[in-house]
Every structure is written in structure tokens, then in C-alpha cells.
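# What would the 3D arrangement of this be:
(chains A, B, C and D)
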There are 2 protein chains.
Amino acid sequence: MVATAKTAKRTARREQRRQQLIDATMKCIARKGMGSTTLADVAGEAGLSQGIVNLHFESKDNLLNETLRYLADEYKAQFNKTLEKSGPDAAAKLRALIELDLRPSICDRRKIAVWFAFWGEVKSRPTYRKICDERDQYYDDVVERLASEIIAEGKYKSVSAESVAIALTSMTNGLWLSCLISPRTFDRHKATDAVFEYLCKVFPKHFSK
Amino acid sequence: MVATAKTAKRTARREQRRQQLIDATMKCIARKGMGSTTLADVAGEAGLSQGIVNLHFESKDNLLNETLRYLADEYKAQFNKTLEKSGPDAAAKLRALIELDLRPSICDRRKIAVWFAFWGEVKSRPTYRKICDERDQYYDDVVERLASEIIAEGKYKSVSAESVAIALTSMTNGLWLSCLISPRTFDRHKATDAVFEYLCKVFPKHFSK
DNA sequence: AATATGAATGAATACTCATTCATTTTTAGA
DNA sequence: TCTAAAAATGAATGAGTATTCATTCATATT
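Predicted coordinates for the structure are as follows:
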């Protein structure tokens, strides 16, 4: 039983194995924190042996870089899928993006812990900074473009798309922090309400209750 | 010299050294990241010898806990001072708090890097979580109380103090992330504008441009 | 001046952990 | 089935680091 499972795992393809190790890395970071995640932990979590990470990733640094890369790509994929699926309407797209960020599958404490683990090292790791910046920039750009469209549609005055983008981007990131720090009191519905209350105020014609 | 004065002087010097080590710790974390800050780094930064941290703090864990404690206390002190100084008007207080969070002395990349370093370990360190939660809770409570006052004063409808508090707390935290991740493009004036644009929309009688 | 006391040093210790590599196991092609 | 290549293992290595502690230093007290 165990032997067959192990054999089955061993026969997994190379890409699959890398992914398996990246998944294990995220789990370890979520559970033990980045500071005390060792390669032995990662290998153990994946049910493989000591040297396995260096075999597939050359070094721990590399593993961590690729883990962050994966995290960012995974996010971006869901982000884009959400954009596509939510029809042509800018307001609908915006609504869908906010909901995505607060959906349990994304706004999940274990996943958020991994994001924060990397954010915590951003200052001293240019590679991390770059990847995180790309993601934030992309998010901000899309939101700003949607806000522009909405502003044009609604002929809103005294609202700048840039400000709306800044406000929304920071709000969603900040809500993740609350989810991480106050898991007991954090309420994703209240969080969603807070964001939409904001949208009602800025774009009343598009987001009235 | 009286006995009390003698011990007072001794504990003062002791306190001074502990503070010196905490300062050194924050500098190291900002520069090298929490992961690669060693006790030798901290001692070196303080211009002291190897064993010094264990002499004053027992362990590295302890040093880090006390560093976070200090960071939180320092923030709270500035927060309360701002509240006091900004007069009796709730809107003025709220304005002052937002400005505090985005003032260069607080919204400084090195300081923010330290906050994020601790936030990055929150999930696996209950002590960190507790300290950070206290701070967030306090912030949120104060903002919610101010928002309530403003809502009553202005007889605002369809705005909940709770939502405003959630929105503002998360926005300011999220803006810190932008400052950390995108130091080149982050603009504290634009950030301030974005927050105040929000306040103008929710509380037009109090925050009109 | 002599002594006592707490502060500080820094070399030694014990331990953790990334990385290496000789060896074994598995896979795939003939 | 056999065999070469690829994948995986896990013991060994060594660099790095928290912690300890015998010793030295500085200062206050007598």
C-alpha cells in the first residue's frame, strides 16, 4: 500500500515533481513560516528524500523564487479568467474582481500567509520585489482602465480613475492582512460590503444597492 | 546616593542598552530581512560583542518579540498623540490619522519593511499575531468611533461606521504594501488623495474638497 | 587604595541545515 | 529480457549560527 503509493509517486514526471515540491513548499511556509522552513521539511511534506530539492531546483533560493513565480502566475490566471468570464460590462468586471479577491479559495489564510511571507522579504530580495510589483502593477492597471470606462459611461465628476485604482488595490491587499491577523473577527461578507459601499459612493449609477 | 537612585541609574542604563539592541535589530531586519539577520549582525550593528544579545534578552526569539512589541508601542504612542493634538472635531481627528499613516516618518520604507517582516511570520507565531492584532483592533475601534460620530453629525444615510472603519484600516495597510513593493512609483500625495477622495464621497459635508 | 559587583567580551560549544555525491532504483528503448 | 540513462535516495560534509561561560573591564562603595 505504502510501497505502491511511493512507487507511483516516484514514477511521476519531472514537471509534476517540481510542482509537487512547490506545493509542499507553500504548505510548509504556511505552517511553519518561511524562516523555519527547511529543505528537509519540504522533502518530507512531499514524501520524498533529503536531496530531492537540490536535484530539481539546484538551490533553496531557486525553489523559493519559483514558488513565488508560481503563486503570482496562479493568481494572474484566475484574475484573467475572471475578467473574461464576467462579460463585457466594466462594472461587472470590477465587481467580479473584488469578489475574486475575497472568495474563500483565494482569500484563504494559508495562501495569504505565503504571500505575506514573501512580502516580508521584499525589501532585501530584489527578485521577490520584482515579481510582486509586476502583479500589483497589473492589477492596478486593469482596475484603472475599468474605472476609466465606468467614469466615462457615467459621466462622473470629481472622481479620478487613478485614485479609484489606488483605493481598491490597497483595500483588497489590506483586507488580506486582516484575514491573516484577525482570522476570528475577519468576516469576508463585511469586507465585501465595505468595498461595495465604497463603489456605491463613487459610482452610484453602476453600483447602487 | 540613595539606594533607589542607584538602582534607578542601573536599570536606566540597562534599558538604554536594550533599546540600542532593539534599534539595531530593526535596522538589520530592514536591510537584510528577518531571515538572514543573525545575532552577530545585531551585535555588530550596535557596535557590541557576540554574546550581548543573550545577555540582555536571553534568546533571539525574545529579542524579536520585544522588537515587535516596541514597534507596536511606538506606533500606538504616535497614534494617540495625533488623536490628542488634532482638536475635538471627529473629522479633523480622522484626517490627522490618515495623514499620520502616510507621513514620511511613519510611511518609511525601512520601517514598513520591519512591519512586513513580522506580518510575514504571523501565521506561525502566535505572539506576533497577538501583538499585531491588538494594534489593528485598536486602530479599527478608534476609526469606527470617529466614523460613528461623523455619521451622527452629518445625519448620513446608507453609510455604516463599521464599513468605513474596515475600508480605511485596510486601505492604509494596503498603501504601505505599495510603498514597500513599488517605491519608485509610489506617491504619498496620490495615496493621500485617494483616501481623501473616498472620504469626500462618504462624508461630503465633512470632507468636501 | 582595596574590594565588590554588574556589564561586556569573545572563544568554545553544540547544533542546524543546505548541499554534495556515491549508490540504488526506475524507466524506456532495443 | 537486457541495458543505458534518468531519477531518486540518504548518509556525509561543512558552513553558519545561537548559546554558553570563563574571563576581563568599568564603576561604585568602603
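
# Where does chain A get nearest to DNA strand D, which residue?
Closest approach between chain A and DNA strand D, counting by C-beta to the nearest atom of the strand: A:Gly51, at 2.2 Å. Quick note: C-beta positions are derived from backbone N, CA and C, even for glycine.

# In which helix or strand does the spatially closest residue to that residue that is not a sequence neighbour reside?
Nearest non-adjacent residue to A:Gly51, counting by C-beta to C-beta, 6 or more residues apart in numbering or on different chains: A:Ala43, 7.9 Å away. Assigned by DSSP states H and E, A:Ala43 falls within helix A:39-45.

# got a list of contacts for that helix?
The contact list for helix A:39-45, computed with C-beta atoms under 8 Å, 6 or more residues apart in numbering or on different chains, reads A:21, A:24-25, A:27-28, A:32, A:49-54, A:60, A:63.

# ok, so of those, who is nearest A:Pro104?
A:Pro104 lies nearest to A:Lys27 out of the contacts of helix A:39-45, by C-beta to C-beta, at 17.5 Å.

# Return the residues of chain A in contact with DNA strand C.
Within chain A, the positions near DNA strand C by C-beta under 7 Å from any atom of the strand are A:7, A:10-11, A:36-40, A:50-51, A:53-55, A:58-61.

# Might you report the residue contacts of A:Phe203?
Contacts of A:Phe203 by C-beta under 8 Å, 6+ apart are A:91, A:150-151, A:154, A:156, A:159.

# So among those residues, which ones count as buried?
Using 16 or more other C-beta atoms under 10 Å in any protein chain shown as the burial test, the contacts of A:Phe203 include A:91, A:150-151, A:154, A:156, A:159 as buried.

# domains of chain A?
A:1-58, A:59-207 (automatic domain parsing).

# got JSON lines for those, with mean pLDDT too?
Shown next, in JSON lines, are the domains of chain A (pLDDT from 0 to 100):
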{"stretch": "domain A:1-58", "mean pLDDT": "85"}
{"stretch": "domain A:59-207", "mean pLDDT": "97"}
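
# so how far is chain B from A:Glu66?
Using C-beta to the nearest C-beta, to the nearest Å, A:Glu66 is found at 17 Å from chain B.

# max-length helix in chain A?
With secondary structure taken from DSSP state H, chain A has its longest helix at helix A:126-154.

# Buried residues, that helix. List them.
A:128-129, A:131-133, A:135-136, A:139-140, A:142-144, A:146-151, A:154.

# count of neighbours near A:Arg125?
As a burial measure, A:Arg125 scores 20 neighbours (other C-beta atoms under 10 Å in any protein chain shown).

# contacting residues around the closest residue to it other than its chain neighbours?
In space, and not counting its chain neighbours, A:Arg125 is closest to B:Gly33: 6.7 Å by C-beta to C-beta, 6+ apart. Contacts for B:Gly33 (C-beta under 8 Å, 6+ apart) come out as A:120-121, A:123-125, B:117.

# Now the two most distant members of the residues you listed.
Among the contacts of B:Gly33, A:Arg125 and B:Ala117 lie farthest apart (C-beta to C-beta), at 11.6 Å.

# count of neighbours near A:Ala96?
Count around A:Ala96 with other C-beta under 10 Å applied: 19.

# hmm, I was thinking of A:Lys190
A:Lys190 has 16 neighbouring residues, counting by other C-beta under 10 Å.

# same thing with A:Arg13?
8.

# Now do the residue of chain A found nearest chain B against A:Lys60, distance only.
Closest contact between chain A and chain B, by C-beta to the nearest C-beta, is at A:Gly120 (2.4 Å). Going from A:Gly120 to A:Lys60 by C-beta to C-beta, to the nearest Å gives 17 Å.

# Just want to know which of those two has more residues nearby.
Neighbours were counted for A:Gly120 and for A:Lys60 using other C-beta under 10 Å; A:Gly120 has more, 29 against 15.

# for that one, what are its contacts?
A:34, B:33-34, B:116-121.

# Just give the closest residue to the spatially most central residue of chain A, not the sequence neighbours.
Centroid-nearest residue in chain A: A:Tyr75, 4.8 Å away (criterion: C-alpha atoms, centre = their mean). With sequence-adjacent residues excluded and distances taken as C-beta to C-beta, 6+ apart, A:Tyr75 is closest to A:Arg135, at 6.4 Å.

# count of residues packed around A:Lys85?
Neighbour tally, A:Lys85, other C-beta under 10 Å: 10.

# which ones are touching the residue lying closest to it once chain neighbours are set aside?
Nearest non-adjacent residue to A:Lys85, counting by C-beta to C-beta, 6+ apart: A:Ala96, 7.3 Å away. A:Ala96 is in contact with A:82-83, A:85-86, counting by C-beta under 8 Å, 6+ apart.

# Alright, that wraps it up for me.
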